[in-house]
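In: Okay, sequence plus prediction incoming.
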Amino acid sequence: MTPGLMISAPASGTGKTTVMLGLLRALAEDGLTVQPFKSGPDYIDPAFHRAACGRASFNLDTWAMGPGLFDAIAAEALDADIAVGEGSMGLFDGVATRGAFGQGASAETARRMGWPVVLVVDVSGQAQSAAAVALGFARYWRDLPIAGVILNRVASPRHERLTRLGMEHAGLRVLGALPRRGDLVLPERHLGLVQAVEHPDLDRAIADYAAFLRAHVDLGALRAVASGAGLPAAGPLTRPPAQRIALAQDAAFSFTYPHVLEGWRRAGAEIFPFSPLADEAPDPQADLVWLPGGYPELHAGRLAAAGQFRAGLVRHAETRPVHGECGGYMALGAGLVDKDGNRHAMVGLLGLETSYAKRKMHLGYRQAVLQAPMPGMQVGQRLRGHEFHYSTILAEPDAPLADVRDADGNAVPETGSRRGHVTGTFFHLIAEDVP
């Protein structure tokens, strides 16, 4: 059994990512093999986890993944000394309608893994009252243990003393108290953190987080409270959609769930990375070109000028499949309008037109039933994924790819589209649905 912890919080924005990255680095510095996980459909944080401890991080999701896939991913911790999961939003936050076997809450992930929860509580603007919030979390699910709390954004020694008194009165263990520091903030963008590859000095930042935790958190106590349920034997992850896959990978195209790519590799698929921003064409020997999501709107001018990339993609699409997700789908379209209102011609393999001049948020889990084949999948295949972008869809004129619905079963108008050998979706694929 590999012991583990869930680092969670009452809400987003409380500082749990700082705690997570500092803890991963500190444990790795102490010689432990640390297996990180992310609860929920976040595809940015796992890259930060990997940078912190040198080991690939994987998403665990009770709404989108069936028990078999969830357990296969959990088995990544079998050879680790300790597993550490980072929650999404608040500990109990999920969707209203049950999915594959849950509602997507971090609490569900922690309970299935047998991990006690370390609650990161932002105590700014309160003192003893913070204990009432934490106590409510401790009592909300009686079968989910709260191992203790880490107080964050403590203003002064007096503030810490008062807050600790409240936690003591509530019977909650304080595992650490972090003073307020404005310099320990990672840069953010509208989807959350900027990508790990874009951070100017990520390793130094994470080292600072680790030193900060060592000074203010009882790391020995954290290790001592870790525990876990018995892990399953390793199983298959995801099926590859082709044998030889040309995968766009650069600052414009980087959003793919780690278990998806790892599943492809373990099943024997060959992956050939290429960079559209460097004007590289996909490998001509590839059976499939896959364009992940990312930030094409930040690089629209360079993509529009990437003649070799465009020509190679068009040539491939004459005889073999091309698929794009979210940002990759936008790049396959006819045009993209940036935030300043400038239209940039995209590859033009689909008629999709998108705009960031007037932002409109599209967010949430997606369940889809294919109305036409997409790479590696047939008509009628059920899929689960997640959508998060701020573009306005000006036109989606091609034939719909799928019947797409949100977590509650409501129809979503962005269905994805298809033309010839080319397909695209606004949602990022997480899993094939289980019956």
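Out: Thanks, I have it. Here the structure is a predicted model, which is why all the values come from computation and not from measurement. Numbering: from 1, shown residues only.
In: From now on I want contacts and neighbour counts done on CA atoms only, so please keep to that.
Out: OK.
In: quick one, helices of this structure?
Out: Using DSSP state H, the helices of the chain run over 16-29, 45-53, 67-74, 106-113, 129-140, 157-170, 202-216, 219-225, 258-266, 300-304, 307-317, 327-332.
In: Leaving out chain neighbours, which residue sits closest to Arg343?
Out: Val337 (4.1 Å; Cα to Cα, 6 or more residues apart in numbering).
In: An error on my part: the question was meant for Pro241.
Out: Closest residue in space to Pro241, ignoring its immediate chain neighbours: Gly376 at 3.9 Å, by Cα to Cα, 6+ apart.
In: ok, how many other residues are close to that neighbour?
Out: Using other Cα atoms under 10 Å, the number of residues around Gly376 comes to 12.
In: Ala215 too?
Out: Neighbours of Ala215 under the rule other Cα under 10 Å: 13.
In: Spit out the contact partners of it.
Out: Contact analysis of Ala215 by Cα atoms under 8 Å, 6 or more residues apart in numbering lists nothing.
In: What is the least confident helix or strand in the protein?
Out: The weakest-scoring helix or strand in the chain, judged by mean pLDDT, DSSP states H and E, is strand 192-193 (a mean of 52).
In: what's the closest of the helices of the chain to Gly90?
Out: Closest approach to Gly90 among the helices of the chain (Cα to Cα): helix 106-113, 7.7 Å.
In: Mind giving me the packing neighbours of that closest one?
Out: strand 4-8 (3 or more Cα pairs under 8 Å, 6 or more residues apart in numbering; DSSP states H and E).
In: Just list what the strand it packs on packs against, helices and strands only.
Out: helix 16-29, strand 82-86, helix 106-113, strand 117-122.
In: Now do the last one: distance to the chain's middle.
Out: Relative to the centre of its chain, strand 117-122 is centred 20 Å away, using Cα atoms, centre = their mean, to the nearest Å.
In: circling back: you'd agree the residue nearest to Pro241 is up against Pro240?
Out: Yes - contact criterion Cα atoms under 8 Å: Gly376 and Pro240 qualify, at 7.1 Å.
In: show me where pLDDT drops low in the chain?
Out: Along the chain, the parts satisfying pLDDT under 70 run over 182-199, 435.
In: and this protein, what are its domains?
Out: Using automatic domain parsing, the domains assigned to the chain come out as 4-225, 244-432.
In: returning to that earlier point: residues near the residue nearest to Arg343, how many?
Out: Using other Cα under 10 Å, Val337 is surrounded by 21 other residues.
In: Distance check, it against Lys38.
Out: 33 Å (Cα to Cα, to the nearest Å).
In: contacting residues for the residue of the chain most remote from its centre?
Out: Computed with Cα atoms, centre = their mean, the residue of the chain farthest from its C-alpha average is Arg158, at 37.8 Å. Contacts here follow Cα under 8 Å, 6+ apart; on that basis Arg158 touches nothing.
In: Pro232 too?
Out: Pro232 neighbours (Cα under 8 Å, 6+ apart): 71-72, 74-75.
In: Let's see that with 10 Å instead.
Out: Residues in contact with Pro232 (Cα atoms under 10 Å, 6 or more residues apart in numbering) are 1, 68, 70-78.
In: cool, and Glu387?
Out: Counting by Cα under 10 Å, 6+ apart, Glu387 has contacts 41, 325-326, 361-366, 406, 425-429.
In: Quick check: bridge partners of it?
Out: Per DSSP bridges, the residues bridged to Glu387 are Gly364.
In: Can you give me the distance of it to Arg180?
Out: 34 Å.
In: cool, and Trp141?
Out: Distance from Trp141 to Arg180, by Cα to Cα: 30 Å.
In: do the same with Asp81
Out: Distance of Asp81 to Arg180, given as Cα to Cα: 31 Å.
In: ditto for Arg418
Out: Distance of Arg418 to Arg180, given as Cα to Cα: 51 Å.
In: about what we covered before: tabulate the helices and strands packed on strand 4-8 (JSON lines), appending mean neighbour count and distance to Arg310.
Out: Formatted as JSON lines, the helices and strands packed on strand 4-8 follow (neighbours: other Cα atoms under 10 Å; distance: least, Cα to Cα, whole Å):
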{"stretch": "helix 16-29", "mean neighbour count": "23", "distance to Arg310": "38"}
{"stretch": "strand 82-86", "mean neighbour count": "26", "distance to Arg310": "39"}
{"stretch": "helix 106-113", "mean neighbour count": "24", "distance to Arg310": "41"}
{"stretch": "strand 117-122", "mean neighbour count": "26", "distance to Arg310": "47"}
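In: distance between the ends of stretch 369-376?
Out: 14 Å.
In: Just checking the distance from it to the centre of its chain.
Out: Here stretch 369-376 is found 24 Å from its chain centre; the criterion is Cα atoms, centre = their mean.
In: I would like the residues contacting it, please.
Out: Contacts with stretch 369-376, where a contact means Cα under 10 Å, 6+ apart, come from 239-243, 287-290, 320-323, 377-384, 399-405, 415-418, 421-424, 433.
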